[in-house]
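Q: Quick one, what's the 3D model for this:
(one chain, ligands or ions: 2)
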Amino acid sequence: MTTTSTRPFRSDNPALDNALGQLATAVEILGYHEGLHETLATPRREINVAVPLRRDDGHVQVFHGHRVQHNVSRGPGKGGLRFHPSVDIDEVRALAMLMTWKCAIVDLPFGGAKGGIDIDPSEHTPEELERVTRRYTSEIMPLIGPTQDIMAPDMGTGEREMAWVMDTYSVNVGHTIPAVVTGKPLAVGGSLGRPAATARGIVHVTASALGAAHEKLRRSRVAVQGFGKVGGHAARIFAEEGATVVAVSDQFGAVHADGGLDVPALLAHVDATGSVVGFEGADPLDGPDLLTLDVDVLVPAAVDGVITADNARDVRARYVVEGANGPTTQEADQILSKQGVTVVPDILANAGGVIVSYFEWVQANQTYWWTDDEIEDRLAHRMRSAYGDVARRAADEDLTLRDAALVIGVERVADAHKLRGLYP
Ligand SMILES: NC(=O)C1=CN([C@@H]2O[C@H](COP(=O)(O)OP(=O)(O)OC[C@H]3O[C@@H](n4cnc5c(N)ncnc54)[C@H](OP(=O)(O)O)[C@@H]3O)[C@@H](O)[C@H]2O)C=CC1
Ligand SMILES: O=C(O)CCC(=O)C(=O)O
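A: Ligands and ions are numbered 1, 2, ... in the order given. Here you go, the predicted model:
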């Protein structure tokens, strides 16, 4: 199903326009009226804050921070904090909307939220990043909390930043509140399994998608764009599960080995040098060329908007499993669908992270900690059953996996609004 140029709720920002376009598609399939569409398209709460930073050399630079709670009808807002120079309010709105559908698809008692600061972490010392993180947290204090809005890592942030968020919030409240943020270090109430959870979930849904076509993960050839928290763990776990990881990339370039990369050696190379580039035993490749390699599975796990109308026809992978949020434009999605490429959409494929964040929040609220096996089994169950729900809906209604996932997520959120009395 396509959306028309006359659809309501558009944006000049490509990421937000894409997210609004996806919502419009779901609304059209579900036959919702415009008032409900507008409710679902409109962020519930937003805060924009100035984040002045005293640099180590004494001068002051002001960054811009945002936190958007797109929807809270199913529970508190949930979603990551991004540090990237491209962050603006519209990008954060788009990412918050994706979180709403994602949490609903995997049936978590959360709404969707996201935050970000327009800062390039690679240009700052840990001391500067700590001051920025703490100032941002103080500025958005009125909006966040363990029953209001719970942060987690996203691009450019990690366990370290989450510990600073938790500490700043707790110091302001007067006692330690681990459940205000997930993706924390284990020593301050983090959960086993969270660092690799998004990647593990990606591997589970890839196995499910291949399995549905009687194909095996261990016979598949995989390319991964991005080698950070999602892409790095994904490449490692794919290789551990017996798949052949033929290429990976980061912002500096890509490496390719037709017979398969030695992923542990590559991880060690990145630890030592800061990039995949220059890894011995692999050929250099231009970053964008990774997207059009002849592989079974392509995992975009870096930035948004990388598969577009310009390169979608050149994609030779049979499965695109979206580790990143919003890596495929709507036009590209339609091209891939016509080419018979199975796209496992972001809101399903990368939900493993927020699932284990939910487990972390539950554990923090109970102050009782689960084992690795308990977390892994529960993650596997949720990912595989969500994949089953989406695949069944797609088959029953002749939809792509993306449209089926959107329809399930949007419907669950709309049902919550209806049950709470907003709509007859
Ligand atoms: N972290 C999580 O739990 C979740 C993350 N996501 C999504 O996954 C994506 C990646 O997030 P995450 O791994 O956490 O972020 P990280 O910051 O940990 O890693 C990002 C990676 O992308 C690379 N990169 C940046 N720009 C490009 C580019 N133009 N081409 C190729 N690679 C590039 C970076 O390269 P370099 O190392 O050189 O900087 C880095 O390897 C984002 O879209 C995020 O929203 C989704 C669900 C959960
Ligand atoms: O773990 C979380 O709460 C959210 C992770 C995230 O930002 C995402 O799934 O995009």
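Q: Where does the prediction get shaky in this protein?
A: For the chain, applying pLDDT under 70 flags the ranges 1-5, 423-424.
Q: so what's the residue in the stretch 201-350 of the chain that ligand 1 sits nearest to up against?
A: With CB to the nearest ligand atom, the shortest gap between the stretch 201-350 of the chain and ligand 1 falls at G228, namely 1.8 Å. Where C-beta positions appear, they are placed from N, C-alpha and C, glycine not excepted. By CB atoms under 8 Å, 6 or more residues apart in numbering, the contact list for G228 reads M155, D250, A301, A302.
Q: That one - that's part of a strand, no?
A: No: per DSSP: H, G, I helix; E, B strand; the rest coil, G228 lies outside any strand segment and is coil.
Q: How much space separates it from ligand 2?
A: Taking CB to the nearest ligand atom, to the nearest Å as the measure, G228 falls 13 Å from ligand 2.
Q: Got phi/psi on that residue?
A: Note on G228: its backbone torsions stand at phi -100, psi -140 [degrees, to the nearest 10].
Q: Please apply the same query to K114.
A: According to degrees, to the nearest 10, K114 has phi -160, psi 160.
Q: Thought G79 was touching it, still the case?
A: Yes: between K114 and G79 there is a contact under CB atoms under 8 Å: 4.2 Å.
Q: Need the residues touching each of these two.
A: Common contact partners of K114 and G79 (CB under 8 Å, 6+ apart): L95, A96, M99, D154.
Q: list the contacts for the third one?
A: This means M99. Residues near M99 by CB under 8 Å, 6+ apart: H70, G77, K78, G79, F110, G111, G112, A113, K114, V354.
Q: between the shared contacts of K114 and G79, which is nearest ligand 2?
A: Sorting those by how near they are to ligand 2, with CB to the nearest ligand atom, puts D154 at the top with 4.4 Å.
Q: related to what we said a few turns ago, would you mind putting the shared contacts of K114 and G79 into TSV with distance to V295 and secondary structure alongside?
A: As requested, the shared contacts of K114 and G79 are exported to TSV (distance: CB to CB, whole Å; DSSP: H, G, I helix; E, B strand; the rest coil):
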residue	distance to V295	secondary structure
L95	27	helix
A96	32	helix
M99	29	helix
D154	26	coil
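Q: Tell me, how many residues neighbour the closest residue to E360 other than its chain neighbours?
A: Nearest residue to E360, sequence neighbours excluded (CB to CB, 6 or more residues apart in numbering): S191, at 3.6 Å. Around S191 there are 24 other residues, counting by other CB atoms under 10 Å.
Q: check contacts around S191.
A: Contacts of S191 by CB under 8 Å, 6+ apart are T182, V356, S357, F359, E360, Q363, W369, W370, I375.
Q: where's the residue in the stretch 201-350 of the chain that ligand 2 sits nearest to, which helix or strand?
A: Nearest residue of the stretch 201-350 of the chain to ligand 2, counting by CB to the nearest ligand atom: N325, 5.2 Å away. If you go by DSSP states H and E, N325 is not part of any helix or strand.
Q: Indicate the residue of the stretch 101-250 of the chain located nearest to ligand 2.
A: For the stretch 101-250 of the chain, CB to the nearest ligand atom, closest residue to ligand 2: A152, 3.2 Å.
Q: okay but that residue is in contact with I355, surely?
A: No: counting by CB under 8 Å, A152 does not reach I355; the two are 11.3 Å apart.
Q: Mind checking which of the contacts of M99 land in helices?
A: Within the contacts of M99, residues falling in helices by DSSP state H are V354.
Q: Out of the contacts of M99, give me the two with the largest separation.
A: Using CB to CB, the two most remote members of the contacts of M99 are H70 and V354, lying 13.6 Å apart.
Q: List the contacts of T206.
A: By CB under 8 Å, 6+ apart, the contact set of T206 is L217, S220, V222, F238, V297, V299, Y319, V321, V344.
Q: Tell me the spacing between the residue in the stretch 1-150 of the chain positioned nearest to ligand 1 and K102.
A: For the stretch 1-150 of the chain, the residue closest to ligand 1 is G80, as judged by CB to the nearest ligand atom, at 6.1 Å. According to CB to CB, to the nearest Å, G80 stands 11 Å off from K102.
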